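J.: The sequence and its predicted three-dimensional model are supplied below.
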Amino acid sequence: METHLAKGLHYLDNAATVFPKPAPVLQAMVDFAASAGVAPGRSVFDLATVAESMIEDCRRAICDLFHGPRPDRVVFAHNATDALNLVIFGLLRHGGHVVSTRLEHNSVLRPIAHCVDDYGARATLVRFDGRGYVDPDDVQNAIEADTRLVVINHASNVLGTVQPIAAIGAVCRAAGVPLCVDASQSAGLVPIDMQAMHVDIVAFTGHKSLLGPTGTGGLCVGEGVEIPHTRAGGTGVESVARRHLDEYPFRLEYGTPNAMGIAGLRRGLAYIEEQGGCAAMWAREMELTRWLSQAIAETVGVTTYCAHESTDNRTPVVSFNIDGMDPAEAGARLDVDFDIACRTGLHCAPLVHASLGTAPAGSVRFSIGPFTTRADVEAGVEAVRALAADVRGR
């Protein structure tokens, strides 16, 4: 496929957003906007019905992907951060206890902090071990009588470690506490089965491994989980109702949806299936990651973080530092001198770096995506080796 990447650019920042997007995803958005880009579900004329039908088809595809209960319990939001805010504020704005981890992104940490500071909630943040994994027993020990939510990321955006969600889900189910999984880094890559894994809520973003555009994401909400309203507005149905509707998906959707973005997301889901499904995409990306991880770890003057002796239960993310070089400087030189696009800093996950001892500067992160080539990976490794040798020669 034609990628439209700048000539010579090696894009290794797919954990931030997958780029480029598949050409069929871009075309699907253009085609929808041109042929049926009207407000869905607000009217009964034919084009409005076509637009609504596309959105409902995407709900079904998301429900199937996560083995959710019913398509109407798939809720669209702006992204995973927006979706997580709906869950966390909805369940904790009147106080109570929440269990999370030190692996979390600020999309979880900051809403929890607001609930603690503003609404009197209490939070327990479980530590991760030296390999980057959370022990389900620690989650069990953290649950209290008034715990209203356990929220945990499926895969770390810094370390790439995939948490034992099925075991954590069993703990939460036995305690009668809803489990919300932040699948920002895993949805579309690591298979998720809400039923088998005892997951009550999946928060997903569309622009990463689901291959959709930015501005898409949402929730898949299990049966029996009722997230209280924190917003209200138009739904396009039952306009006479004084208060926002309680039934899903309207319960957590507000205003006109991002229909063009959802059209792109729907095509991204289809593209994943055309490539053999999540597991096949994951296997291909991890094949490159194994080589990258080993090559970076073996480079003299480079420190890697957590679980790089194995790529089992991981996503295609490698975090490291060049000894004696600030990660911000490393990132700038990788860009300017070697045409390597990557991410540096705290990666919106400050407690991970506090635990690793890499705060406040953070680390360099390379992340592989579906269109990363062996040449991209080799270029990244050679650039890191050159910078490490440069530091040693100073």
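T.: Sure thing, it's come through.

J.: who are the neighbours in contact with Val377?
T.: By Cβ atoms under 8 Å, 6 or more residues apart in numbering, the residues touching Val377 are Leu12, Leu288, Trp291, Leu292, Ile368. (Each C-beta comes from the backbone N, C-alpha and C, glycine too.)

J.: Now do it against Pro191, distance only.
T.: 24 Å (Cβ to Cβ, to the nearest Å).

J.: Give me the below-cutoff pLDDT ranges for the stretch 201-350 of the chain.
T.: Residues of the stretch 201-350 of the chain meeting the criterion pLDDT under 70: 307-309.

J.: the strands in it, which residues?
T.: Under the criterion DSSP state E, counting those that start in this stretch, the stretch 201-350 of the chain carries strands at the ranges 201-205, 217-221, 302-304, 317-322, 340-341, 343-345.

J.: Relative to Pro20, which of those strands is closest?
T.: strand 340-341 (11.8 Å; Cβ to Cβ).

J.: Can you give the distance of the closest one from its chain's centre?
T.: With Cα atoms, centre = their mean, to the nearest Å as the basis, strand 340-341 stands 21 Å off its chain's centre.

J.: Packing partners of that strand?
T.: strand 10-11, helix 374-392 (3 or more Cβ pairs under 8 Å, 6 or more residues apart in numbering; DSSP states H and E).

J.: Closest one to Pro350 out of the contacts of Val377, please.
T.: Leu12 (22.3 Å).

J.: hang on, the earlier thing: tell me the one of the contacts of Val377 nearest Leu84?
T.: Ile368 (24.9 Å).

J.: who's in contact with the closest one?
T.: Ile368 sits in contact with Leu12, Asn14, Glu285, Leu288, Thr289, Leu292, Pro316, Val317, Val377, where contact means Cβ under 8 Å, 6+ apart.

J.: Please report the distance of the second one from Gly331.
T.: Spatial separation of Asn14 from Gly331 under the definition Cβ to Cβ is 16 Å.

J.: okay, these two: which has more neighbours?
T.: With neighbours defined as other Cβ atoms under 10 Å, Asn14 and Gly331 compare such that Asn14 has more, 25 against 22.

J.: Wait, that one touches Arg365, no?
T.: No. Using Cβ atoms under 8 Å, Asn14 is not in contact with Arg365; the gap is 10.2 Å.

J.: what do these two both touch?
T.: Common contacts of Asn14 and Arg365 (Cβ under 8 Å, 6+ apart): none found.

J.: Domain-wise, how is this structure divided?
T.: Following automatic domain parsing, one gets these domains for the chain: 10-21+278-392, 23-274.

J.: now do the same end-to-end measure for the first one.
T.: To tie it back to what came earlier, the one meant is domain 10-21+278-392. The first and final residues of domain 10-21+278-392 sit 25 Å from each other (Cα to Cα, to the nearest Å).

J.: That domain: how far from the chain's middle?
T.: Here domain 10-21+278-392 is found 18 Å from its chain centre; the criterion is Cα atoms, centre = their mean.

J.: same thing with stretch 375-393?
T.: That offset, for stretch 375-393, works out to 29 Å (Cα atoms, centre = their mean).

J.: Now do the helices in the stretch 201-350 of the chain.
T.: Taking DSSP state H, counting those that start in this stretch as the criterion, the stretch 201-350 of the chain carries its helices at 259-274, 278-297, 327-338, 350-356.

J.: now, of the ones you listed, which is deepest in the fold?
T.: helix 259-274 (a mean of 23; mean count of other Cβ atoms under 10 Å).

J.: Taking strand 217-221 as reference, get the angle to it.
T.: Between helix 259-274 and strand 217-221, the angle comes out at 70 degrees (axes from the mean of the first three to the mean of the last three Cα atoms, to 10 degrees).

J.: Can I get helix 259-274 in CSV, CA atoms only?
T.: The C-alpha coordinates for helix 259-274 follow below in CSV (Å, rounded to 0.1, in the frame of the first residue of the first chain):
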residue,chain,number,x,y,z
ALA,A,259,-20.0,9.3,12.2
MET,A,260,-17.2,9.8,9.7
GLY,A,261,-14.6,8.6,12.3
ILE,A,262,-16.8,5.6,13.1
ALA,A,263,-16.9,4.8,9.4
GLY,A,264,-13.1,4.7,9.4
LEU,A,265,-13.1,2.6,12.6
ARG,A,266,-15.5,0.1,11.1
ARG,A,267,-13.2,-0.3,8.1
GLY,A,268,-10.2,-0.7,10.4
LEU,A,269,-12.0,-3.6,12.1
ALA,A,270,-12.7,-5.2,8.8
TYR,A,271,-9.0,-4.7,7.7
ILE,A,272,-7.8,-6.5,10.8
GLU,A,273,-10.1,-9.5,9.9
GLU,A,274,-8.7,-9.4,6.4
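
J.: these two touch, right, Glu144 and Ala121?
T.: No. Applying Cβ under 8 Å as the test, Glu144 and Ala121 come out as separate, 11.9 Å apart.

J.: Name the residues contacting each of the two.
T.: With Cβ under 8 Å, 6+ apart as the test, Glu144 and Ala121 both reach His97.

J.: of these two, who's got more company?
T.: Ala121 (24 against 15).

J.: Which strand or helix spans the nearest residue to that one once chain neighbours are set aside?
T.: Nearest in space to Ala121, with sequence neighbours left out and distances taken as Cβ to Cβ, 6 or more residues apart in numbering, is Cys115 at 4.0 Å. Using DSSP states H and E, Cys115 sits in helix 106-119.
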